[in-house]
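# have a look at this prediction, sequence included:
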Amino acid sequence: MIIDRKMNFLLVEDDTIDVKNVQRAFKKNDISNPLHVAGNGEEALLMLRGNGVGPSIVPPPQVILLDLNMPKMNGIEFLQELRKDPELKSISVFVLTTSDEERDKVAAYNLNVSGYILKPIDTTQFKDAMKTLEAYWSLCEYPSQE
Ligand SMILES: [Mg+2]
């Protein structure tokens with residue numbers, strides 16, 4: 001099953017190597033959906049809400065991959081803002097982090113994340129993790145955004 005080509009993904013990640021890892025894993029799994037990248041929570045909110053000129057991702061992403069440790073606005077702070085926003089609160093968010101801290105897991109699930117994934121160590125594991133996520137996204141129905 002192929003995901004609607006128009007379905008946009010947003011990766012919120014400050015580490016350029018991790019951005020590359022996700023992009024490479026998308027490519028290796030033939031996931032051709034546009035993957036937008038924001039460097040921190042603040043930048044992601046700007047992209048989602050627009051800056052008086054409308055959002056920069058159209059249609060808005062239905063899935064966000066979110067790092068937790070980021071400058072300016074971290075992943076948990078971003079999630080708090082996202083869930084307060086009537087336009088954005090229903091977006092599925094998967095945390096992709098190196099943080100194995102219990103308090104981060106609790107905070108993330110309290111903000112209704114769809115999954116909390118520890119960043120895979122090597123490229124093969126990264127590829128497999130994205131393949132599993134793609135299988136999940138392909139199985140899910142999302143509201144039409146036309
Ligand atoms: Mg980080």
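Okay, I see it. No experiment lies behind these values; they were computed from the predicted model shown.

# only C-alpha atoms from now on, for both contacts and neighbour counts.
Noted.

# elements contacting the lengthiest helix in the chain?
The helix that spans the most residues within the chain, counting by DSSP state H, is helix 123-139. Here helix 123-139 touches helix 16-28, going by 3 or more C-alpha pairs under 8 Å, 6 or more residues apart in numbering; DSSP states H and E.

# the ion contacts on this structure?
Residues of the chain that fall close to the ion, judged by C-alpha under 5 Å from the ion: 69-70.

# now the strands for the chain?
Using DSSP state E, the strands found in the chain span residues 9-12, 35-38, 63-66, 92-97, 115-118.

# could you dump those into JSON lines with mean neighbour count, mean pLDDT and distance to K72 added?
As requested, those are exported to JSON lines (neighbours: other C-alpha atoms under 10 Å; pLDDT from 0 to 100; distance: least, C-alpha to C-alpha, whole Å):
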{"stretch": "strand 9-12", "mean neighbour count": "24", "mean pLDDT": "96", "distance to K72": "12"}
{"stretch": "strand 35-38", "mean neighbour count": "18", "mean pLDDT": "95", "distance to K72": "12"}
{"stretch": "strand 63-66", "mean neighbour count": "23", "mean pLDDT": "96", "distance to K72": "14"}
{"stretch": "strand 92-97", "mean neighbour count": "22", "mean pLDDT": "96", "distance to K72": "17"}
{"stretch": "strand 115-118", "mean neighbour count": "17", "mean pLDDT": "94", "distance to K72": "22"}
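
# right, I'll call it a day here.
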